[in-house]
Structures are given as C-alpha cells and as structure tokens.
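*Asks:* Need coordinates for the following:
(chains A and B)
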Amino acid sequence: MPIVVKLDVMLSERKAKSKDLAAYVGITEANLSLLKQGKVKGVRFDTLMRICEFLNCQPGDLLVSRPDDGT
Amino acid sequence: MKNTIIPTAKSGPDVQGISSVLALACALLAVALPLAVAYHLMSTPVETQLLRAGLSMSASQAAALDITLGQKLLAVLLGVLPVCCASYGLVCAMRCFSGFSQAEYFSLRTVKYLRGFAAGIFASVVMGVVSSTLITVVLTAGAPVGQRALSLGFGSNELLTLLFAGMVWQIAAVMAKAVALAEENAQFV
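*Replies:* Numbers count the residues shown, from 1 in each chain, chains lettered A, B, ... in the order given. Down below sits the predicted model:
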C-alpha cells in the first residue's frame, strides 16, 4: 500500500490513548483500530482534522506516501 | 408565540408503511390473479377466447369447431401461463417491498427481487404473445382444413409493458451501484 498510516506512532509519541482519541473524533474504537492498521478505504477530511486537532499535528505527520518497491 | 415546523428525517412519505401495504397487495394479487384468470378462462365461451387471441369468429362458427375438453383445458393452461409469470414477478415485488418495509434499502437482496419483478413482467409479456398464438392453434386444431388459424398479436400495450420491465431492470441496476457505493462509503472513517 503506497500510503502508510502512522497514527500509532503519533499516539505513542504524544502518549495519548486510542480510547480518548476515538471519543474526541467521534468514531468507534473499532474503526480507529482499522484506521491505524490502514484497513480502511479512506478517511474523511472531518475525521482527519479532528485527529490532527487532538494530536496537535499536521495530516502529513499521520499519512506518509511510501513508493512501491516493485516486489 | 410563533410555531415553527422543523423538518426532520421522519418527515416525507412513510416509505416503510407504504412498502408494507404494497407487499401485502402484491402477495394477494400473486395468489388471486392466476386463480381468477383460470376461472375466467374456464367460464368464457370459445369465441370470446379466440377474439381475445386476435381471431374474430361468430358463435355458430365456434360451435362448429367441436372443441374437446382436452383442447379447452390446454387453452386454459396456455392462458394462465403469462399470469403465472406475472405472479412470479409479484412475489418478487412482495419480497422487495418487505425488505423496504424493514428499512432494508441498501441491500443486494432487494435489488435481486426487483430484478425478479422486472424479469417476471418481461416473461409475462413474451408468454402472453406466445400463448395467444398457441391458443388459436389449439382451439382451431379440430376445425376442417382451411378453417384452422394461427394469429400473432403484438400491440402498444405489450410494447409499453416491455418498456416498463426494462426500466425497472435498469432501476435495479442503478440500485446495485448505489449498494456498492454505500458499502464503499461504510469503509470510510
């Protein structure tokens, strides 16, 4: 997958809990878990904005483009 | 004090309630229609059946055909076949509306039943054309050579019903796309 979600890294850096983030954003913990694993088809701008607000970061800190290595 | 009406998601037509009524109507029609048509065909004079099949014949001419019970029963069976196709379509429509009445809007199951309804109506029209042709053959099979007949009828009613069936089929295809979009949307967080 070319886009890697670094939400778990940001959460551990900020020492924040997934449960609190899910409650702040207004999504379920199950959906947040799927997002952390990159198992979702997309992220709404509204969700992304709330995550950035909570973690005090930029969207670019959460989503990183990783080019395919061709394997 | 001024009263203000605030529109809510509940406003608008009662889709679930209307769907329940339609499902019930479809179920009743699906059962009653073939029985009513079979009774009607059994009690209809031969000349009327032939006239409906597109063959004009007087009562004396029809009496001269000397139609046996087997021929009459076969004609009734052929007359009921298109209604049975329509009945299948109505059963599918009933299941589709039952789904809607249970708020099952974005489901491939309801799409499948809507397609079944369209297919039933399409088959009913095609069978109607074929059966009316076969009815004339069956009822005039015992007539002397030169009086046997074969009639083929296709009118604007049939054309419009085929168009209707095609439109419902296409609406079902659009609904299938909507289901796929809803499923994709559900995977967004």
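
*Asks:* B:A180: how many residues sit nearby?
*Replies:* Neighbour count of B:A180, defined by other CB atoms under 10 Å in any protein chain shown: 12. Quick note: C-beta positions are derived from backbone N, CA and C, even for glycine.

*Asks:* right, and the secondary structure at it would be what?
*Replies:* helix (DSSP: H, G, I helix; E, B strand; the rest coil).

*Asks:* now what about the helix or strand harbouring A:V9, what contacts it?
*Replies:* Taking DSSP states H and E as the criterion, A:V9 maps to helix A:7-14. For helix A:7-14, contacts defined as CB atoms under 8 Å, 6 or more residues apart in numbering or on different chains pick out A:K17, A:S18, A:L21, A:L32, A:L35, A:K36, A:I51, A:L55, A:N56, A:C57, A:D61, A:L62.

*Asks:* for chain A, what spans make up the helices?
*Replies:* A:7-14, A:18-25, A:29-36, A:45-55, A:59-62 (DSSP state H).

*Asks:* Repeat that for chain B.
*Replies:* Using DSSP H, the helices of chain B run over B:15-43, B:46-52, B:59-64, B:69-101, B:108-139, B:156-186.

*Asks:* Skip the chain neighbours and tell me the closest residue to whichever residue of chain B sits closest to chain A.
*Replies:* Here the residue of chain B nearest chain A is B:Q187; by CB to the nearest CB that distance is 4.0 Å. Spatial nearest neighbour of B:Q187, chain neighbours left out: A:K41 (4.0 Å); criterion: CB to CB, 6 or more residues apart in numbering or on different chains.

*Asks:* ok, now A:N56?
*Replies:* Leaving aside its sequence neighbours, A:N56 sits nearest to A:R14 (CB to CB, 6+ apart; 7.4 Å).

*Asks:* Need the pLDDT of that neighbour.
*Replies:* A:R14 is assigned 91 on the pLDDT scale.

*Asks:* cool, B:C92 as well?
*Replies:* 97.

*Asks:* just to revisit the earlier point, do you know which of the helices of chain B lies nearest A:I27?
*Replies:* Among the helices of chain B, helix B:156-186 comes nearest to A:I27, with 12.6 Å by CB to CB.

*Asks:* chain center to that closest one, what's the gap?
*Replies:* How far helix B:156-186 lies from its chain's middle: 17 Å, per CA atoms, centre = their mean, to the nearest Å.

*Asks:* tell me which strands and helices that helix is in contact with?
*Replies:* Where contact means 3 or more CB pairs under 8 Å, 6 or more residues apart in numbering or on different chains; DSSP states H and E, helix B:156-186 is packed against helix B:108-139.

*Asks:* tell me which parts of chain A are close to chain B?
*Replies:* Contact residues, chain A versus chain B (CB under 8 Å from any CB of the partner chain): A:I27, A:N31, A:L32, A:L34, A:L35, A:V40, A:K41, A:G42, A:V43, A:R44, A:T47.

*Asks:* Name the residues of chain B found near chain A, please.
*Replies:* Counting by CB under 8 Å from any CB, the residues of chain B near chain A are B:E184, B:Q187, B:F188, B:V189.

*Asks:* The residue nearest to the last one when sequence neighbours are not counted - how many residues pack around it?
*Replies:* Going back to what we said before, that points to B:V189. Spatially, and ignoring its direct neighbours in sequence, B:V189 is nearest to A:N31 (4.6 Å; CB to CB, 6+ apart). Neighbour count of A:N31, defined by other CB under 10 Å: 17.

*Asks:* Distance check, the residue in chain A that chain B sits nearest to against B:L51.
*Replies:* Nearest to chain B in chain A, going by CB to the nearest CB, is A:K41, at a distance of 4.0 Å. Taking CB to CB, to the nearest Å as the measure, A:K41 and B:L51 are separated by 61 Å.

*Asks:* Between those two, tell me which one has more neighbours.
*Replies:* Neighbours were counted for A:K41 and for B:L51 using other CB under 10 Å; B:L51 has more, 14 against 11.
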